[in-house]
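Trainee: Next input, structure requested:
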Amino acid sequence: MKKIVVRYGIVLPVIMLLLTACGGGAGETSDIVPTVGACGEVECKALPAGVYESAGPNDPVGNVVTSVAVKGVLLRVSWKVCGDDLNCLYDAVKLQLDKALSKNLHVALMIMDSDEAPAGVKSQCKTFDFSFRGNPATMCLAWDKNYLQDKQRLISELGLRFDSHPALAYVYFTGACSTNGAEGHCRVDQAAYTTAGYTPTVLADAYVQIMNMYRTAFPSTPIAFEVHAIFDSASVWNSVWDSVAQSGRVGVAAWWCAERLSLNGNETTPVWPIIQKAAASSFSVCQTVGEFSNSPYRFTDSTLALDYGLIDTWVAADSEKSFNETLDWAQGYAVHALQPATINRFSVIETWSVDLKNTLFQSRLLLF
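Mentor: As a prediction, the model looks like this:
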C-alpha cells in the first residue's frame with residue numbers, strides 16, 4: 001500500500017476577502033493512509049477526523065488560530081465570489097489549497113449555493129424568491145434543468161482540478177434550497193414553494209442527482225452533506241443518504257450540534273438518525289450550535305436538565321461545563337440529558353475560533 005504524506009494550511013489573498021472562509025493554525029505533517037478498494041482506479045483519501053477551525057468571513061491570514069489541536073479549516077466559498085467568472089473562482093480555490101499544503105492543514109471545501117449562485121446561473125433557471133435575515137434573496141429551483149446543468153459544470157470542473165489535491169480532505173455537497181447557501185435547511189414558505197413545483201420526491205430526486213455529480217467528480221475525496229429537516233421532515237435527506245449509504249465515503253454534518261438538539265427541535269430530531277447512521281458507517285461532523293466561551297447558554301435546555309445558564313445569567317463556570325459535557329456527548333463518552341445510551345461519536349468537530357483561542361479547552365481538543 002502506498003503511503004501519501006500530506007502537508008496542509010490556509011491563508012487568503014485580497015481577492016478572497018469576499019469569501020466566507022475559515023482560517024486555521026498550523027499543525028504537524030500528517031500521514032494519510034488511503035482506504036483500498038472503494039474509489040475505483042484512484043486511491044481513497046482517509047475519512048476526515050479531528051478538529052477543524054470554523055471562522056468568520058474576514059481575511060484569516062491575520063487571524064490564524066495557532067493550535068496544535070487544529071487539523072484543518074473549513075473554507076466556505078460563494079459560488080458568485082467572482083461573479084460569472086468561474087476561472088477566477090477555481091484559481092482562488094487553488095490558491096487556498098496550495099497555501100494549505102504549505103501550512104500542514106487539511107481543508108474542508110464548500111461552494112455555497114442558493115442566493116450565492118452567480119447572476120448568469122440565475123438568469124437561465126426558474127427562480128424562487130425568499131427572505132434571508134430580513135433581506136430579499138433568490139434561489140434557482142433545485143429541479144430546474146438549466147440549474148442542474150450549471151451545477152454539473154461547476155462540480156465536474158472542481159473535481160477535475162482538485163480531487164487529487166493533497167490538501168483537500170473533504171468536500172461539502174450543497175443544493176439550491178438552502179436558506180444561507182451552506183446548510184441543509186430550506187426555510188421558505190412551503191405553500192409558495194409547492195406552487196413553484198416542490199414535492200418531497202421532486203426535491204429528493206434533484207438532490208440525489210447532485211450528490212451523484214459530487215461522487216463522480218470526487219472519486220477519492222470524502223463528501224459530506226449538512227442536514228436539517230425540511231418542512232419538519234427528513235424524507236429528502238433520507239433519500240440522499242440511502243443513495244450513498246453503502247459507499248462508506250459520504251458523511252453527514254450537524255451544523256446545529258448540541259446534545260439538546262438531538263432530542264428537541266423540529267429541524268433537528270427528524271434527521272438525528274441519519275447522523276447516527278453516518279457516524280457508524282462513514283463519518284460525521286459536529287459544528288456546535290454556538291461557541292462555549294461566550295454563549296454557553298445556547299446549550300441549555302431546562303426540560304432535559306441541561307443547565308449552562310441563560311443569556312443574562314450565565315457565569316464563567318458554565319462555559320467550561322458546557323464545553324466538557326458537550327464533548328463528552330459528541331465523543332460518545334457520556335450523556336447528560338435523556339438519551340438512553342451514548343451516541344456513535346462524531347469524527348470531526350468544526351470548532352469556532354474563539355473556542356480554539358480559549359486555553360481552558362486546548363488539552364481536551366487535542367484528544368478529539
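
Trainee: The stretch 101-250 of the chain: strands as residue ranges?
Mentor: Remark: strands assigned in the stretch 101-250 of the chain by DSSP state E, counting those that start in this stretch are 106-112, 127-132, 135-140, 168-172, 223-226, 250-257.

Trainee: Take those and lay them out in TSV including mean pLDDT and mean neighbour count.
Mentor: Backbone N, C-alpha and C define where each C-beta goes, glycine included. Output for the strands of the stretch 101-250 of the chain, formatted as TSV (pLDDT from 0 to 100; neighbours: other CB atoms under 10 Å):
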stretch	mean pLDDT	mean neighbour count
strand 106-112	92	26
strand 127-132	97	17
strand 135-140	97	17
strand 168-172	96	26
strand 223-226	98	23
strand 250-257	98	25
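
Trainee: Run a quick neighbour tally on the closest residue to Gly332 other than its chain neighbours.
Mentor: The shortest distance from Gly332 to any non-neighbouring residue, by CB to CB, 6 or more residues apart in numbering, is to Arg345 (3.6 Å). Applying other CB atoms under 10 Å, we find 15 other residues in the vicinity of Arg345.

Trainee: Which residues are in contact with Tyr297?
Mentor: Shown in contact with Tyr297 (CB atoms under 8 Å, 6 or more residues apart in numbering): Tyr308, Gly309, Leu310, Ile311, Thr313, Trp314, Asp318.

Trainee: Could you verify my assumption that the last one touches Tyr308?
Mentor: Yes: using CB atoms under 8 Å, Asp318 is in contact with Tyr308, at 4.4 Å.

Trainee: between those two, what contacts are shared?
Mentor: Residues touching both Asp318 and Tyr308 (CB under 8 Å, 6+ apart): Pro296, Tyr297.

Trainee: picking up where we left off before, nearest to His185 among the contacts of Tyr297?
Mentor: Ile311 (22.7 Å; CB to CB).

Trainee: okay, that closest one: pLDDT?
Mentor: The score at Ile311 is 97. That number is its pLDDT.

Trainee: Quickly note the distance from the closest residue to it other than its chain neighbours to Asp318.
Mentor: Distances taken as CB to CB, 6+ apart place Tyr297 nearest to Ile311, at 5.1 Å, with adjacent residues excluded. According to CB to CB, to the nearest Å, Tyr297 and Asp318 sit 7 Å apart.

Trainee: cool, Pro136 as well?
Mentor: From Pro136 across to Asp318, the span is 38 Å (CB to CB).

Trainee: Residue ranges in the chain under the pLDDT threshold?
Mentor: 1-37, 55-64 (pLDDT under 70).

Trainee: So which of Asp318 and Tyr308 has more stuff around it?
Mentor: Between Asp318 and Tyr308, counting by other CB under 10 Å, Tyr308 is the more crowded of the two (24 against 20).

Trainee: That one contacts Thr300, correct?
Mentor: Yes: between Tyr308 and Thr300 there is a contact under CB under 8 Å: 4.8 Å.

Trainee: Now list whatever residues contact both of those two.
Mentor: With CB under 8 Å, 6+ apart as the test, Tyr308 and Thr300 both reach Ser322.

Trainee: now the helices for this structure?
Mentor: All helices of the chain, identified by DSSP state H, fall at 86-103, 119-124, 145-162, 190-195, 200-217, 235-244, 272-281, 316-330, 353-356, 362-365.

Trainee: Single out the most deeply packed of those.
Mentor: Highest mean neighbour count of the helices of the chain: helix 353-356, a mean of 22 (counted as mean count of other CB atoms under 10 Å).

Trainee: next one: phi and psi at the residue of the chain most remote from its centre?
Mentor: Most distant residue from the mean C-alpha position of the chain: Thr313, 31.4 Å away (CA atoms, centre = their mean). The phi and psi values for Thr313, taken as degrees, to the nearest 10, are phi -130, psi 0.

Trainee: roughly how far apart are it and Phe323?
Mentor: Applying CB to CB to Thr313 and Phe323 gives a distance of 18 Å.

Trainee: same deal with Thr300?
Mentor: 13 Å.

Trainee: likewise His165?
Mentor: 33 Å.

Trainee: With Phe299 instead?
Mentor: According to CB to CB, Phe299 stands 9 Å off from Phe323.

Trainee: what residues are shared contacts of the two?
Mentor: Common neighbours of Phe299 and Phe323 (CB under 8 Å, 6+ apart) are Phe292.

Trainee: Overlap in contacts, Tyr297 and Asp318.
Mentor: Joint contacts of Tyr297 and Asp318 (CB under 8 Å, 6+ apart) are Tyr308, Gly309.
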